[in-house]
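**Q** Sequence and computational prediction follow.
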Amino acid sequence: MNKKEIKGAVFDMDGLMIDTEKLYLRFWKESARDFGYDMRDEHVFAIRSLARKYSIPKLKGFFGEDFPTEEVRTHRTELMNQYIEKNGFDVKKGLFELFDYLRDTGRKIAVATATPRERTEKYLAMIGADKYLSAVICGDMVKCSKPDPEIYLTAAREINLPPNQCVAFEDSPNGIKSAFAAGLKAIMIPDMTQPDDEVAPMLSAVYPSLDRAIEFF
């Protein structure tokens with residue numbers, strides 16, 4: 001497909017638009033420690049962007065069937081909310097340069113995030129991204145979130161475009177799997193991890209920052 005035929009762009013949020021993945025990493029570990037569990041970086045990376053039906057058994061596989069997944073998650077959310085209320089968070093480099101380019105060239109922009117709707121809408125409003133968006137699809141708005149393709153299929157449908165006329169911007173392997181399975185062109189902007197051998201064949205491009213991705217078009 002000629003890249004000029006790309007009519008839409010669908011963005012993940014955490015770690016891609018806003019610099020919050022490092023906060024999830026920090027507060028997952030702090031929360032688990034408060035419950036007496038030694039959660040490490042690799043455990044958090046394994047559940048990034050995963051729907052709960054996938055993340056819960058993965059966490060129990062790491063820490064045992066007695067691991068209190070929902071209690072740890074709730075405490076993590078409380079810790080993270082307290083931090084953000086006090087300190088805020090950073091916008092990822094190049095986000096609004098890319099948004100402006102996409103808007104000025106007539107492309108539709110959407111968000112597809114595993115984050116729940118209430119928190120998503122709050123974060124998008126905090127950074128002023130909401131005015132660019134034609135659709136926002138959140139993890140609690142679909143039956144199967146990432147790595148299932150449903151969330152990206154839903155986003156493409158909401159902006160009235162076939163998936164193959166959309167690109168997906170992601171920072172995590174599970175998000176790349178979701179977008180690729182849905183038929184979008186997957187572009188990775190690495191955050192906490194680089195593309196691995198499993199997702200590398202799924203990628204249409206990799207860029208160090210969002211503004212650099214303008215050259216894709």
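**A** Received, thanks. Numbering: from 1, shown residues only.
**Q** what about the strands in this structure?
**A** Using DSSP state E, the strands found in the chain span residues 8-11, 108-113, 135-138, 166-170, 185-188, 203-206.
**Q** what's the fifth one packed up against?
**A** By that I understand strand 185-188. Here strand 185-188 touches strand 166-170, helix 173-182, strand 203-206, going by 3 or more C-beta pairs under 8 Å, 6 or more residues apart in numbering; DSSP states H and E. Quick note: C-beta positions are derived from backbone N, CA and C, even for glycine.
**Q** Relative to Pro147, which of those is closest?
**A** helix 173-182 (4.0 Å; C-beta to C-beta).
**Q** quick one, the closest one and strand 108-113 angle?
**A** 130 degrees (axes from the mean of the first three to the mean of the last three C-alpha atoms, to 10 degrees).
**Q** Single out the most deeply packed of the helices and strands packed on strand 185-188.
**A** Of all the helices and strands packed on strand 185-188, strand 166-170 carries the top mean neighbour count, a mean of 27, counting by mean count of other C-beta atoms under 10 Å.
**Q** quick one: low-confidence parts of this protein?
**A** Counting by pLDDT under 70, the chain contains low-confidence residues at 1-2.
**Q** Give me the domain ranges for it.
**A** Per the record's domain assignment (automatic domain parsing), the chain is made up of the domains 3-18+91-216, 21-87.
**Q** how distant is the shortest one from the center of its chain?
**A** Distance of domain 21-87 from the chain centroid (C-alpha atoms, centre = their mean, to the nearest Å) equals 16 Å.
**Q** what about that domain, start to end distance?
**A** In domain 21-87, first residue to last residue: 15 Å (C-alpha to C-alpha, to the nearest Å).
**Q** Tyr24 and Val44 touch, don't they?
**A** Yes. Assessed by C-beta atoms under 8 Å, Tyr24 is found in contact with Val44 at 6.6 Å.
**Q** one step back: want to throw the strands of the chain into JSON lines with distance to Gly61?
**A** Formatted as JSON lines, the entries for the strands of the chain read as follows, by distance: least, C-beta to C-beta, whole Å:
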{"stretch": "strand 8-11", "distance to Gly61": "30"}
{"stretch": "strand 108-113", "distance to Gly61": "25"}
{"stretch": "strand 135-138", "distance to Gly61": "26"}
{"stretch": "strand 166-170", "distance to Gly61": "24"}
{"stretch": "strand 185-188", "distance to Gly61": "26"}
{"stretch": "strand 203-206", "distance to Gly61": "28"}
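**Q** and the nearest residue to Asp14 once chain neighbours are set aside, how many residues sit next to it?
**A** The spatially closest residue to Asp14, leaving aside those adjacent along the chain, is Thr20, at 4.6 Å (C-beta to C-beta, 6 or more residues apart in numbering). Counted by other C-beta atoms under 10 Å, the residues lying close to Thr20 total 21.
**Q** Distance check, Thr20 against Thr193.
**A** Plainly put, Thr20 is 15 Å away from Thr193 if you go by C-beta to C-beta, to the nearest Å.
**Q** got it, and Asp34?
**A** From Asp34 across to Thr193, the span is 25 Å (C-beta to C-beta).
**Q** Looking only at neighbour counts, state which of those two leads.
**A** Between Asp34 and Thr193, counted using other C-beta under 10 Å, the more crowded position is Thr193 (17 against 13).
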